[in-house]
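A.B. asks: give me a model of this one.
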Amino acid sequence: MKSFKQAVLAGAAAVFLSLPAIAETLRIGTEGAYPPFNLVDSSGEVVGFDIDIAKALCAEMGVECTIVTSDWDGIIPALNTNRFDFLVASMSITEERQQAVDFTDPYYTNKLQFVAPKSADFQVDAESLKGKTIGAQRATIAGQWLEDNMADVVRIRLYDTQENAYLDMSAGRIDGVLADNFVQFEWLQSDAGANFEFKGEPVFDDDKIGIAVRKGDPLRERLNEALAAIVEDGTYEEINAKYFPFSIY
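C.D. replies: Numbers count the residues shown, from 1 in each chain. Down below sits the predicted model:
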């Protein structure tokens, strides 16, 4: 016959085993101001290519995920102070950033290209750009490229969001914008971008975009395995086709 203590323990074990499993919940960090990759829609929901990829990765890993937005300038510090668990925000993999965070394998490759009014005589060589005012989003590869390559040629104006750069160009306050090709592609299809076009060829075409995690976090390998799986099973391709008529992988 079981002792009273054994009966209590057995009963407790039965109750525990009958409880539903508690799913792991991870927090996805993103900017929410970089269409079509991440943006807040009219209903207040954060959507976009980055978000769809992140949710597909969560599904592959069998975890629940929530979205947390952060201003771009402070997005890496927000990751490192545990506001979220991984960062999916179209972030370029750079040596400087790799000192602060670890990156997964790239989940797409971008390029930088100028956009300016269709009516503008806008060549992308240094002599033609001399004296022009060019905008870019602050703390991006585009802004860094301008500072590294054009600081003595053009007047550089950096913005907190990509949208504000476009607004100033539309108002005639700057001559052109340098940004990621795929973001520019989306904007040029909109009513706001109808009078603008790409100018010249891309000035940089090997911009690897990765998912950031805290240094040493084993989540990186789980994300890499999930990324390989959604590429293999066609999920990535389906998401890509929702946003672009060409592959960005």
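A.B. asks: what does the domain assignment say about the protein?
C.D. replies: 24-109+208-243, 111-206 (automatic domain parsing).
A.B. asks: can I get those in JSON lines including distance to residue 249?
C.D. replies: C-betas here are computed from N, CA, C, even on glycine. Putting the domains of the chain into JSON lines (distance: least, C-beta to C-beta, whole Å) gives the following:
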{"stretch": "domain 24-109+208-243", "distance to residue 249": "6"}
{"stretch": "domain 111-206", "distance to residue 249": "12"}
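A.B. asks: in TSV, list these along with mean neighbour count.
C.D. replies: Formatted as TSV, the entries for the domains of the chain read as follows, by neighbours: other C-beta atoms under 10 Å:
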stretch	mean neighbour count
domain 24-109+208-243	18
domain 111-206	17
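A.B. asks: now the ones you listed as JSON lines including mean pLDDT?
C.D. replies: Converted to JSON lines, the domains of the chain look like this (pLDDT from 0 to 100):
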{"stretch": "domain 24-109+208-243", "mean pLDDT": "97"}
{"stretch": "domain 111-206", "mean pLDDT": "97"}
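A.B. asks: strands of the protein, start to end?
C.D. replies: 25-30, 33-34, 38-40, 46-47, 64-69, 86-92, 101-103, 108-117, 133-137, 155-159, 176-180, 196-214 (DSSP state E).
A.B. asks: which of the ones you listed sits closest to residue 244?
C.D. replies: Taking C-beta to C-beta, strand 108-117 is the member of the strands of the chain nearest to residue 244, at 9.6 Å.
A.B. asks: what's the angle between the closest one and strand 86-92?
C.D. replies: With axes from the mean of the first three to the mean of the last three C-alpha atoms, to 10 degrees as the basis, strand 108-117 and strand 86-92 are set at 50 degrees to each other.
A.B. asks: could you dump strand 108-117 to CSV, C-alpha only?
C.D. replies: In CSV, the C-alpha atoms belonging to strand 108-117 read as follows (Å, rounded to 0.1, in the frame of the first residue of the first chain):
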residue,chain,number,x,y,z
TYR,A,108,18.8,38.4,-48.3
THR,A,109,21.4,40.5,-50.2
ASN,A,110,20.8,44.1,-51.1
LYS,A,111,22.5,46.9,-53.1
LEU,A,112,22.7,50.7,-52.8
GLN,A,113,21.4,52.9,-55.6
PHE,A,114,20.5,56.6,-56.0
VAL,A,115,17.0,57.9,-56.6
ALA,A,116,16.2,61.4,-57.9
PRO,A,117,13.5,63.3,-59.8
